[in-house]
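Novice: Just to be clear, the model below is a prediction. Sequence and coordinates:
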Amino acid sequence: MSKEIALGWIDENDKRIIEISDKAWEYAEVGLLEYKTSKLLADEIERHGFRVERDIAGMPTAFVATWGSGKPVIGVMGELDALAGVSQKAVPYKDPVVEGGPGHGCGHNIHGTSGMAGAIAIKTAMEEKKLPGTIKFYGCPAEETLVGKVFMVRDGLFDGVDACLSHHPSSANSAGTGSSNAMNSVKFHFHGRTAHAAGDPESGISALDAVELMSNGVNFMREHIIEKARVHYVTEVGGGQPNVVPAYARTWFYVRAPEREQVEYIYNWVLEIANGADKMARTTHEVEFLTGCYNMLPNKGLSDLVISNMREIGAPVHTDEEIEFAKKMNESIPPELKKESLRKSERPGWEKMLDEFFDERVLDDYRAGKVGAGSTDVSDVSWVTPTIEFVTTCCILGTPGHSWQFTAQSGMSIGHKSLVFASKVIAASGLDLLTKPSLLKAVRDEWEERLTGRVYKPPIPADLAPPLDQLKKD
Ligand SMILES: [Zn+2]
């Protein structure tokens, strides 16, 4: 059986798989600066016979590794980027490696490695069983800033892929048909004129006034847009000192909503509010569009496939040592926050889990029809090929997203066993898609059905370059 070969390869190589994940965890590189992480994964998969194209879609750290030829073509994604400010050692109390430094608070060291290991395991079985088809592993940078895959999709790198698999660390084992918010990220640069704020204010034009008026306008707009939309902003530059009328100010907005067209409607309103702010403050401004993404197009066929493979493989159980670690870490999570996080997850039986540390079950699709408030660039892939991003239990219940607690668990045995499990789920599901044409056809038919009447139009302009220096520190 091809699955046994693939799963056997993962069991034989689990130490190496964990070593790669831990190295990526130590590198903890933020978006578009994942040079060492990208090289680590690309070199490893190249050693296993994949043809690797590096520096693609205008991003030096993006790569695609391909093995085999012809149809079907199965894609596997792996993310590379860490997060600023969540540096942490693999211990259950707060202890950063570098104070204020980056860390894998979203577990993308595991995300990247499970995809890579799953792809190599699939290739091992394909080679031995002489299975036709192609396996592609995508090294995807900058998920956190919603950049990597949006540019990779725009540049056609997923064209011809029949289905795509992706894994994300979480506190549950499941594969859902929920969706995520579509989004736009945009900066407004306002220009005015400096003057002495006390001695000569009539000569001044305050760019900060425009930023404040714009925020006010958006906050009034809020009441008249759909309830599910989320709009948030930060003032990046507001001036130098109070006695100088600020000639320059800058504000950064995210606009999110469950459907792409809803984002566009609200976004166009925000652009008009910026024009209105100019009129009121007598400023001028430029719009810097950074990136955008779609909402996730779910696929029940892929969800069922992944869940059945999870059950067949068996989800990890935790050792006494891991429960001790969890107990200690649990002290840093206020019980009321844990309760809210469980309630929000809507997992079955959450009310009875307040005193538990791990959810070791494999859950049925419990988020069907729900829209998560966050956004991901995996969604853009889901509009060009049937896609699933499944989750596995990599952390204790109540662990906040993007936190030092998440970083800690991504770098120790709780994350490790989830990584090995996820690699196997990718391998088994990928092989099912490669070897069962009727299954793949059903997945693709469902996808086409969901797309009916809807067209994917890249949310970013055709000539926009990736913001390579966005997270660079001088
Ligand atoms: Zn993530």
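Specialist: In hand now; what should we look at? Residues are numbered from 1 along each chain as shown.

Novice: in what helix or strand does the residue lying farthest from the centre of the chain lie?
Specialist: In the chain, counting by Cα atoms, centre = their mean, G199 sits farthest out from the average C-alpha position, at 50.7 Å. Using DSSP states H and E, G199 maps to neither a helix nor a strand.

Novice: which residues touch it?
Specialist: By Cβ atoms under 8 Å, 6 or more residues apart in numbering, no residues touch G199. No exception for glycine: its C-beta is placed from N, CA and C like everyone else's.

Novice: Does K441 lie in a helix or a strand, and which?
Specialist: Here K441 is assigned to helix 437-451, by DSSP H and E.

Novice: Buried residues, that helix. List them.
Specialist: L439, L440, A442, V443, R444, E446, W447, R450 (16 or more other Cβ atoms under 10 Å).

Novice: Just confirm the first one contacts L302, I think it does.
Specialist: In this case it means L439. No. Using Cβ atoms under 8 Å, L439 makes no contact with L302, being 9.6 Å away.

Novice: separation between the nearest residue to T399 once chain neighbours are set aside and D209?
Specialist: Closest residue to T399 apart from its sequence neighbours, by Cβ to Cβ, 6 or more residues apart in numbering: Q405 at 4.9 Å. Counting by Cβ to Cβ, to the nearest Å, the separation of Q405 from D209 is 41 Å.

Novice: Name the residue in these two with the higher neighbour count.
Specialist: More neighbours surround Q405 than the other of Q405 and D209, with 23 against 20 (other Cβ atoms under 10 Å).

Novice: Could you spell out the sheet neighbours of the helix or strand bottoming out on mean pLDDT in the chain, each with its direction?
Specialist: Least confident helix or strand, the chain: strand 371-372 with a mean of 91, by mean pLDDT, DSSP states H and E. Applying DSSP bridges, strand 371-372 is found paired with strand 179-180 (parallel).

Novice: Neighbouring strands of the following helix or strand past the strand it pairs with in the sheet, and parallel or not?
Specialist: From strand 179-180 onward toward the C-terminus, using DSSP H and E, the following helix or strand is strand 182-191. In the sheet, strand 182-191 lines up against strand 248-257 (antiparallel), strand 284-293 (antiparallel) (DSSP bridges).

Novice: Please export the alpha-carbon coordinates of strand 182-191; PDB is fine.
Specialist: Written as PDB, here are the backbone C-alpha positions of strand 182-191 (Å, rounded to 0.1, in the frame of the first residue of the first chain):
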ATOM      1  CA  ALA A 182     -11.600  38.800   3.000                       C
ATOM      2  CA  MET A 183      -9.400  41.800   3.600                       C
ATOM      3  CA  ASN A 184      -7.600  44.900   2.300                       C
ATOM      4  CA  SER A 185      -4.500  46.500   3.900                       C
ATOM      5  CA  VAL A 186      -3.900  50.100   3.000                       C
ATOM      6  CA  LYS A 187      -1.900  53.200   4.100                       C
ATOM      7  CA  PHE A 188      -2.900  56.800   3.700                       C
ATOM      8  CA  HIS A 189      -0.100  59.400   3.500                       C
ATOM      9  CA  PHE A 190      -1.500  62.900   4.300                       C
ATOM     10  CA  HIS A 191       0.400  66.100   3.400                       C
END
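
Novice: what's in contact with the next helix or strand after that strand?
Specialist: Using DSSP H and E, the helix or strand that follows strand 182-191 in sequence is helix 207-221. When contacts are defined by Cβ under 8 Å, 6+ apart, helix 207-221 is touched by residues 188, 190-192, 231, 233, 235, 238-239, 246-251, 253, 266, 269-270, 273-274, 276-278, 280-281, 283, 285.

Novice: Give me the pLDDT for K473.
Specialist: On pLDDT, K473 comes in at 78.

Novice: from now on call the first residue 414
Specialist: Shifting the count to begin at 414 puts that one at K886.

Novice: Can you verify it is assigned to a strand?
Specialist: No. With DSSP: H, G, I helix; E, B strand; the rest coil as the criterion, K886 is coil rather than part of a strand.

Novice: List the contacts of the residue nearest to H698 when sequence neighbours are not counted.
Specialist: Leaving aside its sequence neighbours, H698 sits nearest to F603 (Cβ to Cβ, 6+ apart; 4.6 Å). Contacts for F603 (Cβ under 8 Å, 6+ apart) come out as 620-621, 623-624, 627, 661-664, 690-691, 694, 696-698.

Novice: what's across from F603 in the sheet?
Specialist: Going by DSSP bridges, F603 forms beta bridges with A662, H698.

Novice: can you pull the pLDDT of it?
Specialist: Note on F603: pLDDT of 98.

Novice: And for A786?
Specialist: Among the per-residue scores, A786 shows a pLDDT of 87.

Novice: and if you look at the one 3 residues further on?
Specialist: Note for T789: predicted pLDDT of 95.

Novice: what's stretch 738-756 in contact with?
Specialist: 505-507, 731, 763-764, 766-767, 770-771, 809-813, 818, 821-822, 825, 827.

Novice: Show the buried residues in the contacts of helix 620-634.
Specialist: Neighbour-count burial (16+ other Cβ under 10 Å) applied to the contacts of helix 620-634 gives 601, 603-605, 644, 646, 652, 659-664, 666, 679, 682-683, 686-687, 690-691, 694, 696, 698.

Novice: If you count neighbours, what's buried in stretch 432-439?
Specialist: I433, S434, D435, K436, A437, W438.

Novice: how about CSV for those, with secondary structure, distance to L776 and pLDDT added?
Specialist: Converted to CSV, the buried residues of stretch 432-439 look like this (DSSP: H, G, I helix; E, B strand; the rest coil; distance: Cβ to Cβ, whole Å; pLDDT from 0 to 100):
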residue, secondary structure, distance to L776, pLDDT
I433, helix, 28, 98
S434, helix, 24, 98
D435, helix, 28, 98
K436, helix, 31, 98
A437, helix, 27, 98
W438, helix, 26, 98
